Structures are given as structure tokens and as C-alpha cells.
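# Model the following, please.
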Amino acid sequence: MTTLAANPPAAPAARSAAAAPRVVNVLRLHLTNKFTTLGLPLLILGFIFLVNYVIWLLIYTSTPEGNREATAGTQYSGSIAYVFIYMAIIAVQVVLRTFPFALGFSITRREFALGSALLFGSLSVIYAAILTVMSYLEDATDGWGVGGHMFSTVWYGTGTVAERFSQEFFGLLFFFFVGAAVAVVYLRWRAIGQTVLWAGLVLVGLGVVALITLTNGWASVGQWFVDAGPYGVVLWTLPVTAVAALFGFFVLRRATPVS
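Presented below is the predicted three-dimensional model:
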């Protein structure tokens, strides 16, 4: 009784305060190789822009002045999707590479999950801000002087500042947490887990396609996308992002480092 009175258990608030610096340390651990998380995505973005600009320039110079409707077709570009996909790759890399080191530094799985979430949120803010600024520069320069569209298309990069930023932000979060969930499956169940995961996704996708086809529902699906609009579709990724984040958090509690 005397010992317990002299050394009472730490309160939840105190434990949370003590864990906060360790969560930040996980973020720093993830950013040890800043080139992978900060530099390389920008290089990829720059390379994609350069390739697109050459294509726009060829279209612009090969069509007569005053009759350049062909450049309007660039507003259907989806080239920036490669940047979003690479964010999922970053999530896989940081989880698989950093997890063993984090445990070696006596960081708990909970702290690792929270630190990883902090990384994904921070990177999403940074890249969403960059993409939003680029969309306004694209608008201001009339498609970089040649009528091109990469950052402001029919799919994204339109509307108010809040709409542009949040659309990019939600999309980035989706790819980060889905990528992390895939990595956690490998940490927990290795190759068997990956095989079951991807086979299950293929079967579910096939089942959905079969159901829509057999019920003649493709017109309704297309109408739903039209009614929801690009921003509405992105908002529907939030439940998937939340499920992926929770799934990764709980599965990580029983995961082991890759040898």
C-alpha cells in the first residue's frame, strides 16, 4: 500500500505527454533520407511536367493560330496521377524500412503508427500546397503559354483555394494510408498475406463488375460520377482512408520486422 501510494501509476494524460516526443522522433526517423520523401517526388513531378510541356508545345506550334482547339484536350490529362501513386510507394518504403529501426530504439508499435500518420499528414499538406500553387500558376499563364493542362484539369485543380487544396490533400492521404496498409499486411503475414490480399481484391473487383453488368447498372454508375463531380468522388475516398488507417494501426500491433 505504501509503495503504491508513493509511486502511483502514471495518468493517461502524462503517458500521452511522454509519448509525444517519441512520436516526433518516428517522424524524424522517417525523414532520415529526405531525398526519398521530399526530393524524388519533386523530381518526378518536374520530369512529368517537362514531358507534358514538350507535347503541349508540339501541339501548339503544329496548329494554326486561332484554330488551336486541340490544346483544349489537354484538360483531360491524368499525368499527375503518377505523383499520387508514388506516394503509396513512399508509404510502403518508409514502413518496411523504418519499422525494424524504430523497434530497435524501443519505440512502441503505437508510437510508430502515430509517427507514420504524422509523416503522411505532413507530406500531404506540403504536396497539396505545391499542387494548388501550380494550378493557379497554370491558370494565370494560360496553360504555361501553350494552353496546356496538368495541374488544373477536369479531374482536379479547379474551384476555390479550399477546394483545390483539400481535394489534393484528401487524395494524397488516401494513397499514403492505403500504401501503408499494404506494407503492414506484409509485415504481419509476409508473402502469404500479400497473395491473399491481392487475390481478394481481384475477386471483389470482379464480383462488383459482374454485379453491375448483370443488373445493367453501368449507366447508373456513370451518372453517379457525373452527379458527384470530381470533388465529391474524392470525398468518398475519406471512408476508405479511415478504414486503411485503422486497419494498419491494429494489424501493426502484432507485426514483426522483416529479417
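# Which positions within the helix or strand hosting residue 225 qualify as buried?
For residue 225, the element it lies in under DSSP states H and E is helix 218-235. Within helix 218-235, the residues that count as buried by 16 or more other CB atoms under 10 Å are 230, 234. For every residue, glycine as well, the C-beta is placed using N, CA and C.
# immediately after it, which helix or strand?
Taking DSSP H and E, what comes next after helix 218-235 is helix 237-252.
# That next one - contacts with which helices or strands?
helix 109-140, helix 161-214 (3 or more CB pairs under 8 Å, 6 or more residues apart in numbering; DSSP states H and E).
# so for the helix holding residue 225, what's the average pLDDT?
Here helix 218-235 scores 94 as its mean pLDDT.
# Which strands or helices does that helix pack on?
helix 161-214.
# The helix it packs on: how far from the chain's middle?
The chain centre lies 11 Å from the centre of helix 161-214; the measure is CA atoms, centre = their mean, to the nearest Å.
# do stretch 120-135 as well
Its chain's C-alpha centre and that of stretch 120-135 lie 11 Å apart, by CA atoms, centre = their mean.
# residues in contact with it?
Residues from elsewhere that reach stretch 120-135, judged by CB atoms under 8 Å, 6 or more residues apart in numbering: 27, 37-38, 41-42, 45, 80, 83, 87, 90-91, 150-152, 157-158, 161, 164-166, 168-169, 172-173, 176-177, 180.
# Same question for it: list its buried residues.
Buried residues in stretch 120-135, defined by neighbour count with 16+ other CB under 10 Å: 120, 121, 123, 124, 127, 128, 130, 131, 132, 134, 135.
# Point out where this structure drops to low pLDDT.
1-19, 66-70, 259 (pLDDT under 70).
# how about the nearest residue to residue 148, chain neighbours excluded?
In space, residue 148 comes closest to residue 56 once its chain neighbours are excluded; the distance is 3.5 Å by CB to CB, 6 or more residues apart in numbering.
# OK, contacts around the one you found?
Counting by CB under 8 Å, 6+ apart, residue 56 has contacts 71, 74, 143, 144, 146, 147, 148.
# Relative to residue 227, which of those is nearest.
residue 74 (25.4 Å; CB to CB).
# So the closest one is in contact with residue 146, correct?
No. Using CB atoms under 8 Å, residue 74 is not in contact with residue 146; the gap is 9.0 Å.
# Spit out the residues that contact those two alike.
Counting by CB under 8 Å, 6+ apart, the residues touching both residue 74 and residue 146 are 56, 59.
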